[in-house]
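>>> Whatever this is, show me its structure:
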Amino acid sequence: MIRWQMGTVQQVIAAEKGMQQLTMLMEDGASARAVHYTDVMPEAKPGDKLLLNVTAVELGLGTGGVHFVAGFADGAELLRMPKSEATSIDGDCPATDAIRSLGDTGHIMKLRYTPLQRSVVSVEAPESPYHGLFRQSLDLAGTPVLIGELHSMLPAAVCRIRALQPEASVAYVMTDGGALPAAFSRHVAALRGLGWLRGTVTCGHAYGGDLEALNKFSALLAAKHVLGADIVIAAMGPGIAGTGTEFGHTGMETAELINAAAGLSGTPVVMPRITAADPRARHQGASHHLRTVLTKAALQSAAVPLPGGLPASAQERLERELGVSAHAHVRHTFPRMPHISQEEIRLNQADYPVPITTMGRELENDVIFFEAVCCAADYACGLLRRNPNPHGPTG
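Numbering: from 1, shown residues only. Presented below is the predicted three-dimensional model:
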């Protein structure tokens, strides 16, 4: 079911690459915020009457309280729109120039068989300049792959890596477990603008990255061999869908990422979802999402670094929840990492301009969550120091 309403643009709050944020006057006289993607529609201006998808807001779901623009009341606006230009995130990414130059010649469809399906130049496709590369037998050659369940883990991990190894090249693989447009992520835009990310690969039905890929395997390989990443971070875009059941959540994709990274001879490192602040009992300590992934879904081995400095009772509970000592789950390793203080994490994030929150909570409200992410980043940096990768992009 889709719930529609009409609204009139009052103000353009912000305009970013591929997206506008709008204030709308709704038909009932209320004011509301809306997101308008400009990769497939013209930019909106005050006075324009727009058709809005209001479903998520009316259902009280976690979309940030915004509606999404579906089209102009005057449909002829679309017919007057010039050909789409490349919509990759702002930032210098020379490895993708050859793909940008191809414009809209791609034949791979994302959001397939929907009214919003769009063609992309997928990095592996015959029209891609990297097609020949992907016809070879490629692997990750031990590259650390930091795997996260929540999008907020991305900026926290990048800030930590930058503090420890600023020379490391980091690429982000954005899966389709959350928001599908890369343009929706303020963190991707900020990290790319700062030059802290080498580039972004959007895979599955996620779209709008510097590179597009059909699946997680190709995306990981593109991050390594096209973008030249020393460390790959793989996580969904903003948002996560869940049902309160054991397997009914999109965080299950982290098991797929573990299997893909290991199967491609990379080194999967899980950023564990640990919290002491979530009011939901199933997410207290090690989230039930993480427990299910590690004990029932991941078929390959992964490192799951755990934060140090916890009280003995908390440490014992965490290890018990994750089955650290259970014989059935010995495929994973759980290295204990040195304690990272709240002040150190705050210093790591001091130069980052966008607030980092997890489920609406900032650092001081959920320190253990951020420490767990940073410990995983520490572990990945340690792997890099022990086995530095001298190779840049092979494409």
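>>> The strand or helix carrying L154 packs against which elements?
In the assignment (DSSP states H and E), L154 maps to helix 153-164. Contacts defined by 3 or more Cβ pairs under 8 Å, 6 or more residues apart in numbering; DSSP states H and E place helix 153-164 against strand 170-175, helix 186-194, strand 231-236, helix 342-348, helix 367-386. Glycine gets a C-beta too; all of them are placed from N, C-alpha and C.
>>> repeat that with 6 Å
Secondary-structure packing of helix 153-164 (3 or more Cβ pairs under 6 Å, 6 or more residues apart in numbering; DSSP states H and E): helix 186-194, strand 231-236, helix 342-348, helix 367-386.
>>> And these: which comes nearest G132?
Smallest distance to G132 across these (Cβ to Cβ): 21.9 Å, for strand 231-236.
>>> continuing past the closest one, what's the next helix or strand?
With elements assigned by DSSP H and E, the helix or strand that comes after strand 231-236 is helix 253-263.
>>> what does the helix or strand just after that following helix rub up against?
Downstream of helix 253-263, the next assigned helix or strand under DSSP H and E is strand 267-270. The set of residues external to strand 267-270 that reach it, using Cβ atoms under 6 Å, 6 or more residues apart in numbering, is 142, 144-147, 258, 261-262, 302-304, 376, 379-380, 383.
>>> Show me the two of those that sit farthest apart.
Using Cβ to Cβ, the two most remote members of the contacts of strand 267-270 are G142 and V304, lying 17.9 Å apart.
>>> Which one of the helices and strands packed on helix 153-164 lies nearest to Q11?
In terms of Cβ to Cβ, the element of those nearest to Q11 is helix 186-194, at 18.9 Å.
>>> Can you list the buried residues in that closest one?
Within helix 186-194, the residues that qualify as buried by neighbour count (16 or more other Cβ atoms under 10 Å) are 186-193.
>>> helices or strands next to it in the packing?
helix 153-164.
>>> Alpha carbons only: can I get the helix it packs on in CSV?
In CSV, the C-alpha atoms belonging to helix 153-164 read as follows (Å, rounded to 0.1, in the frame of the first residue of the first chain):
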residue,chain,number,x,y,z
MET,A,153,29.3,2.4,12.0
LEU,A,154,30.7,3.8,8.8
PRO,A,155,31.7,7.3,9.9
ALA,A,156,32.8,6.0,13.4
ALA,A,157,35.1,3.5,11.8
VAL,A,158,36.5,5.9,9.2
CYS,A,159,37.3,8.5,11.9
ARG,A,160,39.1,5.9,13.9
ILE,A,161,41.1,4.5,10.9
ARG,A,162,42.0,8.1,9.9
ALA,A,163,43.3,8.7,13.5
LEU,A,164,45.4,5.5,13.4
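>>> who's in contact with that helix?
Counting by Cβ under 6 Å, 6+ apart, 146, 168, 170, 187, 191, 196, 233, 235, 271, 348-349, 352, 356, 370, 373-374, 377, 381 sit against helix 153-164.
>>> Now for the residue lying closest to I161 once chain neighbours are set aside, how many residues are close by?
In space, and not counting its chain neighbours, I161 is closest to A377: 5.2 Å by Cβ to Cβ, 6 or more residues apart in numbering. Using other Cβ atoms under 10 Å, A377 is surrounded by 32 other residues.
>>> show me what contacts A377?
157, 160-161.
>>> Could you pick out the buried ones from those residues?
Buried by 16+ other Cβ under 10 Å: 157, 160-161, out of the contacts of A377.
>>> ok, so of these, who is nearest E16?
A157 (22.5 Å).
>>> Got the confidence number for that closest one?
For A157, the pLDDT comes out at 98.
>>> rewinding a little: out of the contacts of strand 267-270, which one sits closest to N215?
Distance to N215, by Cβ to Cβ, is smallest for A261 among these, at 13.0 Å.
>>> Where does the prediction get shaky in the stretch 51-200 of the chain?
62-64, 75-95, 101, 103-104 (pLDDT under 70).
>>> what ranges do the helices span in it?
55-59, 76-79, 97-100, 131-134, 153-164, 186-194 (DSSP state H, counting those that start in this stretch).
>>> mind listing what's buried in the first one?
Meaning helix 55-59. For helix 55-59, a neighbour-count test (16+ other Cβ under 10 Å) marks 56-57 as buried.
>>> Can I get it in CSV, CA atoms only?
Provided in CSV are the C-alpha atoms of helix 55-59 (Å, rounded to 0.1, in the frame of the first residue of the first chain):
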residue,chain,number,x,y,z
THR,A,55,3.5,6.2,3.7
ALA,A,56,6.4,5.9,6.1
VAL,A,57,5.6,9.1,8.0
GLU,A,58,2.0,8.1,8.4
LEU,A,59,3.1,4.7,9.7
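>>> so what's L52 closest to, chain neighbours aside?
L52 sits nearest to H67 (Cβ to Cβ, 6+ apart), 4.3 Å away.
>>> Next one: the one you found from I240, what distance?
According to Cβ to Cβ, to the nearest Å, H67 and I240 sit 20 Å apart.
>>> mind listing what the residue nearest to G263 when sequence neighbours are not counted touches?
Distance criterion Cβ to Cβ, 6+ apart; nearest residue to G263, sequence neighbours excluded, is Q300 at 6.5 Å. Going by Cβ under 6 Å, 6+ apart, Q300 touches 258-259, 262.
>>> go with 10 Å
255, 258-263, 268, 331-332 (Cβ atoms under 10 Å, 6 or more residues apart in numbering).
>>> what do you get for E371?
With Cβ under 10 Å, 6+ apart, E371 has these contacts: 156, 160, 274, 306-310, 337, 339-342, 344-345, 363.
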